[in-house]
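> pasting the sequence and the predicted model now:
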Amino acid sequence: PQLAVKTPRFDSKHTQLEQWEDTINTRAAQSSEERVLESGSLFRSKRGDRERISRLRVNLTQFDQDGYAVVKGVFSTTFIDELRKRILALQHEGTQFGPKALSAVDPGITIPDFMARSEFAFMHRLPSAPALQHVLKQVFRGTDYRFCSHNDIGINRIVGWHKDRLNDEYAHYQAQPLWGSQVDGGHRIVKALIYLQDHTDNDEAMSIVPGSYRTPTLRSAGARPIHPPKGSVVIFEQRSTHRGQSVLQGLLGKLSKEKRVLVSMGFGKNNIYTTQFEQGTRARQANQCGSKCASRLYFAALPQEQLLPPHSRQLPAKHASPSAQPNRPIKPKLPKAMRASRRGSFGVGAAPANHASKPTKPTGMGANKGR
């Protein structure tokens, strides 16, 4: 049956961000009227949210010393359960993480760049969730920072000891040394991990070597398992030596009906280190996604200027995102099919255009193994 798709209104009563979100949510929901209605429901404000968020505190002493911190109660368990349900309903979108040698040991799947996938429109506001931003502002201590495009979902992944950095064919993007003498305020890129199940009483979340972000040495001595409760966020300096669940835990988990789901996002200080990491990561994610991702989709859904603290909305020209004009607020360019929707050219029952064409030139970002 044909769906009566509502063409988004563009008038003075809507902010530009709301207009972009309306357009994308409508386009993403051509095959599901329910998704049109619910795409933003996960992020509707609840009474008392502002007061709850204001009480969230990061243990900055532990973060500086150990390179990580667990912040409890960032999201409600209801939110996490709903997010988990929706992700698992789309797990067929994932693939095994290459190369084949690793895939043989790692039975899990990864969904790279959910921010560039229309099927995951319900997650496109996650990097700018007020509670998460409140946590990040503490971690970055009021300095300029931004979402640096790393975003993925891991389901039952098995990952050995590693540091999150650009590897293999993407290593050349990260020209600045990650250790030793540094410029431009130094390296400060963190990952925000959201586990969609409780790990209070098991060691199936990540393990990390405290303080290991200070040196390039990859040693696991002194590793500490982390036990994040459901609804918490783990923030860690991405140069830290860490791993996900062990091979044995992963294989047992594969036999279990309970799946281990992890959402990972990257944020970095607004400087040359973050710019280089972002460029390499976007290249990697574009190659991993292929035709499944629309490279500009999340720039329309979530303008990068909205992810910065209010005092840093104007990016310095030398560190601006590749899609931004120097010293100007970012104005994303919608894909051709979406620009057509702004003119009202698709209406009742119109088939969605294939705007997620395979990128002809890598434009993606970083190369982590995962957790």
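Arrived safely.

> what's the closest non-adjacent residue to residue 289?
Distance criterion CB to CB, 6 or more residues apart in numbering; nearest residue to residue 289, sequence neighbours excluded, is residue 113 at 5.1 Å. C-beta: built from backbone N, CA, C; applies to glycine.

> what's the lengthiest strand in the chain packed up against?
The residue-count maximum for a strand in the chain (DSSP state E) belongs to strand 145-155. Applying 3 or more CB pairs under 8 Å, 6 or more residues apart in numbering; DSSP states H and E, one finds that strand 145-155 contacts helix 77-88, strand 109-112, strand 261-269, helix 272-289, strand 364-365.

> wait, is residue 134 part of a helix?
Yes: going by DSSP: H, G, I helix; E, B strand; the rest coil, the assignment for residue 134 places it inside a helix.

> isn't it up against residue 52?
No: taking contacts as CB atoms under 8 Å, residue 134 lies outside contact range of residue 52: 9.9 Å.

> how many neighbours does residue 274 have?
By the criterion of other CB atoms under 10 Å, residue 274 has 26 neighbours.

> pLDDT wise, what is it at?
Residue 274 carries a pLDDT value of 97.

> what do you get for the one 4 residues further on?
According to the predicted model, the pLDDT of residue 278 comes to 96.

> surely it is in contact with residue 149?
Yes: between residue 278 and residue 149 there is a contact at 5.0 Å, judged by CB under 8 Å.

> compare those two (neighbour count), which wins?
residue 149 (31 against 26).

> quick check: that one vs residue 222, distance?
Distance, residue 149 to residue 222, using CB to CB, to the nearest Å: 32 Å.

> do the same with residue 63
17 Å.

> name the nearest residue to residue 76, sequence neighbours excluded.
Leaving aside its sequence neighbours, residue 76 sits nearest to residue 231 (CB to CB, 6+ apart; 6.1 Å).

> how many neighbours does that neighbour have?
21.

> where does it sit: helix, strand or coil?
Residue 231 ends up coil, using three-state DSSP.

> correct me, but it touches residue 78?
No: under the criterion of CB under 8 Å, residue 231 makes no contact with residue 78, lying 9.1 Å away.

> quick one: low-confidence parts of the protein?
1-41, 44-45, 96-107, 246-257, 295-371 (pLDDT under 70).

> the helices in it, which residues?
Per DSSP state H, the chain carries helices over the ranges 16-28, 33-38, 49-54, 60-66, 77-88, 100-105, 130-139, 247-255, 272-289, 297-301, 336-342.

> tell me what angle the longest one forms with strand 261-269.
Yep, that's helix 272-289 we're talking about. Here helix 272-289 runs at an angle of 150 degrees relative to strand 261-269 (axes from the mean of the first three to the mean of the last three CA atoms, to 10 degrees).

> what helices and strands are in contact with helix 272-289?
strand 109-112, strand 145-155, strand 189-195, strand 261-269, strand 364-365.

> could you dump the fourth one to CSV, C-alpha only?
The C-alpha trace of strand 261-269 is given here as CSV (Å, rounded to 0.1, in the frame of the first residue of the first chain):
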residue,chain,number,x,y,z
VAL,A,261,26.0,-4.6,21.8
LEU,A,262,28.3,-1.6,21.9
VAL,A,263,27.9,1.8,20.4
SER,A,264,31.1,3.8,20.0
MET,A,265,31.6,7.4,19.0
GLY,A,266,34.7,9.6,18.8
PHE,A,267,35.2,13.2,19.9
GLY,A,268,38.4,15.3,19.8
LYS,A,269,39.9,18.6,20.7
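
> by contact count, what packs against that strand?
Here strand 261-269 touches helix 77-88, strand 145-155, strand 189-195, helix 272-289, going by 3+ CB pairs under 8 Å, 6+ apart.

> picking that back up, thought the residue nearest to residue 289 was touching residue 153?
No: the pair residue 113 / residue 153 is not scored as a contact, 9.7 Å apart, by CB under 8 Å.

> identify the contacts common to the two.
Common contact partners of residue 113 and residue 153 (CB atoms under 8 Å, 6 or more residues apart in numbering): none.

> ok, now which ones touch residue 240?
67-68, 163, 208-209, 212-213.

> from those, keep the buried residues only.
With neighbours counted using 16 or more other CB atoms under 10 Å, those contain these buried positions: 67-68, 163, 208-209, 212-213.

> what sits closest to residue 187 if chain neighbours are left out?
Nearest non-adjacent residue to residue 187, counting by CB to CB, 6+ apart: residue 273, 4.5 Å away.

> hmm, that neighbour is touching residue 189, no?
Yes: counting by CB under 8 Å, residue 189 is a contact partner of residue 273 at 6.6 Å.

> in terms of neighbours, single out the busier of residue 134 and residue 52.
residue 134 (19 against 14).

> nearest residue to the more buried one other than its sequence neighbours?
residue 53 (5.1 Å).

> could you do residue 63 as well?
Nearest to residue 63 is residue 69, by CB to CB, 6+ apart, at 4.3 Å.

> please tell me how far the one you found sits from residue 270.
Residue 69 is 21 Å from residue 270, by CB to CB.

> just the CA trace of stretch 230-238, in PDB.
Extracted in PDB, the C-alpha atoms of stretch 230-238 (Å, rounded to 0.1, in the frame of the first residue of the first chain):
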ATOM      1  CA  LYS A 230      23.400  -0.100  32.000                       C
ATOM      2  CA  GLY A 231      22.900   3.500  31.100                       C
ATOM      3  CA  SER A 232      26.500   4.600  31.800                       C
ATOM      4  CA  VAL A 233      29.000   5.900  29.400                       C
ATOM      5  CA  VAL A 234      32.700   4.900  29.400                       C
ATOM      6  CA  ILE A 235      35.000   7.800  28.300                       C
ATOM      7  CA  PHE A 236      38.600   6.800  27.500                       C
ATOM      8  CA  GLU A 237      41.700   8.400  25.800                       C
ATOM      9  CA  GLN A 238      41.800   6.500  22.600                       C
END
